[in-house]
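S.K.: I would like to see how this sequence folds:
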Amino acid sequence: MDFIRWISIPSLTAALAIAAAPIRAADDPDAAPDHSRMHHGMTGMYGPYPMTRESSGTSWQPDSSPHEGIMDTQGDWSTMIHGNVYLVHDDQGGPRGDSKTFSSSMLMLMGQRSLQTGTLGLRGMVSADALMGKDGYPLLLQTGETADGQTPLIDRQHPHDLFMELAASYSLPLSATSSVFGYAGLPGEPALGPPAFMHRASGEDNPEAPISHHWLDSTHIAFGVVTLGYVLGGFKLEGSVFRGREPDQYRYNIETGKLDSASVRLSYNPARDWAVQFSRGHITSPEALEPDVNVNRTTASVIYNHALPPGNWQTTLAWGRNEPSSGAATDAYLLESAFSFPRGHTVFGRIERADKNELFEPGSALADQVFQVGKLSLGYIYDFAATLHFKYSIGALVSKYSMPTALESSYGSDPTSYMVFARVKIR
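M.R.: Coordinates of the predicted model:
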């Protein structure tokens, strides 16, 4: 049954992809239409700027960032579909490591049209990650959420919910360079942190989640979000109210509750290759296992993107700080980069440092101790074939860790982890 669960979704997607068009070599310049000009010719959902500036939720990335997807026009609507399916074999080293073969996926549909004097936008994103099981996949040093509502997930990455975003927005231009907008989602993403990791070109080819996820962008699935924002040229100021509790172990439902948390974010794109953000949020009771603990989160990030047709280079530098109402404040840092070469070759890497205080279950003598840990991941992915709207890739990555001697008895002196994977991606 486990085999059927993880193979069903990628098999269906691959079958549809193969049926869509004959496979061509990935480096064939005629393999797919060049959507870049169309993307840059369209304005964003939230303001008078290129659509390529928009990333997950209401976050910004550099204007020069690549946007892959199937674009179309249906009457008054401009639409885009993008997504991917990964099939991954994961082997995490050391005494606390584990191995698993699983599938992860994401499908996003967006549409916008003029309405009165403004722009109406709709966004929907779903994932079949729940098919991998409630305990997700092995990932050393990863913490956060729960698989059973009783024990924390440690050294594992939780699966995403079936519904990752169901949101609507409306923006109203005030001048040629300014606008106001509103965004509401159930679920949605509040104005807190950089673009979510699976939406950054610097990290989207890496199938594993960052261990800094819960300091930077863990609110990217919030079951209840309302955001209001103001855009002026390269600046955007926005504020959100949202439900602070992270998704529970039931991955197929839509949760409801009070909008008990708030955040504010200032974004600035000084040039088409740069995106900067600073954000601050108060998150009420994010963890189900610690319902009385609230968290103040501060994040800052810089993203640089440089288009190198037919390739691209993007780098993200980010910092996050969690200050809980009970316990020590902790920080996490991330530096990730991806360089796409001609003929379908991409190399990527990620360096992280994080203060982890959830590496042992409650009741353990080390449960509340803060450990400064680090991780370095390097990987490669090759787009070996393509159809009109899909590309097919294989890749691998290896990870090494830095941790204090106090953790060696649990993790080993020099654990090494790796993943090998195949991907089908809409382009």
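S.K.: which residues of the stretch 151-300 of the chain fall in helices?
M.R.: Counting by DSSP state H, counting those that start in this stretch, one finds helices in the stretch 151-300 of the chain at the ranges 213-216.
S.K.: Any regions of it where pLDDT drops low?
M.R.: Residues of the stretch 151-300 of the chain meeting the criterion pLDDT under 70: none.
S.K.: right, and the helix or strand after the helix or strand hosting residue 321?
M.R.: Assessed by DSSP states H and E, residue 321 sits inside strand 311-324. Toward the C-terminus, strand 311-324 is succeeded by strand 330-340 as the next helix or strand (DSSP H and E).
S.K.: and the angle for that following strand with strand 311-324?
M.R.: If you take axes from the mean of the first three to the mean of the last three CA atoms, to 10 degrees, strand 330-340 sits at 170 degrees to strand 311-324.
S.K.: CA atoms only: put stretch 189-198 into CSV for me.
M.R.: The C-alpha trace of stretch 189-198 is given here as CSV (Å, rounded to 0.1, in the frame of the first residue of the first chain):
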residue,chain,number,x,y,z
GLU,A,189,0.2,33.4,3.6
PRO,A,190,0.6,36.4,5.8
ALA,A,191,3.1,39.3,5.3
LEU,A,192,5.9,37.6,7.3
GLY,A,193,9.2,36.4,6.0
PRO,A,194,10.7,36.0,2.6
PRO,A,195,9.0,34.0,-0.2
ALA,A,196,8.4,30.4,0.9
PHE,A,197,11.3,28.1,0.1
MET,A,198,9.5,26.1,-2.6
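S.K.: Quick one: distance of that stretch to the chain centre.
M.R.: In terms of CA atoms, centre = their mean, to the nearest Å, the centre of stretch 189-198 is set 7 Å apart from its chain centre.
S.K.: Residue 250: neighbouring residues, count only.
M.R.: Burial measure for residue 250: 12 neighbouring residues, criterion other CB atoms under 10 Å. C-beta here means a position set from N, CA and C on the backbone, and glycine is covered the same way.
S.K.: when you give positions from now on, start the count at 111
M.R.: Sure, I'll start counting at 111 from here, so that last one is residue 360.
S.K.: mind checking how far it is from residue 331?
M.R.: To residue 331, residue 360 is 13 Å away according to CB to CB, to the nearest Å.
S.K.: now do the same end-to-end measure for stretch 473-483.
M.R.: End-to-end distance for stretch 473-483: 21 Å, by CA to CA, to the nearest Å.
S.K.: For it, the averaged confidence score.
M.R.: The average pLDDT within stretch 473-483 is 89.
S.K.: which of the residues in that stretch are buried?
M.R.: Neighbour-count burial for stretch 473-483, with 16 or more other CB atoms under 10 Å as criterion, is recorded at 481, 483.
S.K.: can you check stretch 288-301 too?
M.R.: Residues 289-301 are the ones in stretch 288-301 that count as buried (16+ other CB under 10 Å).
S.K.: Just checking the distance from it to the centre of its chain.
M.R.: Distance, centroid of stretch 288-301 to centroid of chain: 17 Å (CA atoms, centre = their mean).
S.K.: With stretch 463-470 instead?
M.R.: 21 Å.
S.K.: if we look at it, which residues are touching it?
M.R.: Here stretch 463-470 makes contact (CB atoms under 8 Å, 6 or more residues apart in numbering) with 251, 253-254, 262, 264-265, 321-322, 325, 437-438, 440-443, 476-484, 512, 517, 520.
S.K.: Could you list which of those belong to strands?
M.R.: 251, 253-254, 262, 264-265, 440-443, 481-484, 512 (DSSP state E).
S.K.: just the buried members of the residues you listed?
M.R.: Buried among these by 16+ other CB under 10 Å: 251, 253-254, 262, 264-265, 440-443, 481, 483.
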